[in-house]
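Colleague: no FASTA, just this:
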């Protein structure tokens, strides 16, 4: 099977991926509209592309150093906790139509990039996948690139589908639902922050 197609198929594994970026994506789609959620998803994808490129081009050793992992874990737990507090306190708003006066889509790209990038488990995730592909598939460097292009395209496409579905269902959304969703997102972010702290305690006594 061609590496690109193989990558597309492997990307489907992440249909039910429930990381912090997923919950923030759904929140963005419901509260700010599909277009802004689309740019948020692009930001997440750019973050994934960054890590894949860095690892494939030989900088994996930098990402694997204890100092790098320690400080990215500290930063990630702090940022996730801050996002959790913001989401919990955020005033619930239900919009009947997507606002058009806010056209600063770049901030949603940046938000997606940062929220995905500060999660240290994303680094571990891509290190694991790239190592797995290197060991289990007889791919040259160019074939590995095609495989991960396919995988990234598949993951981005799934994120866009999730955001589109969430946006189409937003007419069923009430203020109480938005408040509950914001607090669920806050709890999820805190859980991931706690998971990172546990990782630090276990690996950096």
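Modeller: Perfect, thanks for sending it. The structure displayed is predicted, hence computed values, not measured ones.

Colleague: Could you look up the next helix or strand downstream of the one helix or strand in the chain whose mean pLDDT sits lowest?
Modeller: Every helix and strand of the chain was ranked by mean pLDDT, DSSP states H and E. The lowest is helix 60-64, at a mean of 60. Scanning forward in sequence from helix 60-64 by DSSP states H and E, the next helix or strand is helix 66-89.

Colleague: what comes into contact with that next one?
Modeller: Identification of contacts with helix 66-89 by C-beta atoms under 8 Å, 6 or more residues apart in numbering yields 20, 24, 27, 62-63, 114-115, 118-120, 123, 182-183, 185-187, 189-190, 192-194, 196-197, 199-200, 203-204. (C-beta placed from N, C-alpha, C; glycine too.)

Colleague: report the angle between the axes of the helix or strand just after that helix and helix 66-89?
Modeller: The C-terminal neighbour of helix 66-89 among helices and strands, as given by DSSP H and E, is helix 106-117. Per axes from the mean of the first three to the mean of the last three C-alpha atoms, to 10 degrees, the angle that helix 106-117 makes with helix 66-89 is 130 degrees.

Colleague: Which other helices and strands does helix 106-117 contact?
Modeller: helix 20-32, helix 34-54, helix 66-89 (3 or more C-beta pairs under 8 Å, 6 or more residues apart in numbering; DSSP states H and E).

Colleague: Tell me which other helices or strands the shortest one touches.
Modeller: Contact here means 3+ C-beta pairs under 8 Å, 6+ apart; on that basis helix 20-32 packs against helix 34-54, helix 66-89, helix 106-117, helix 141-168, helix 175-203.
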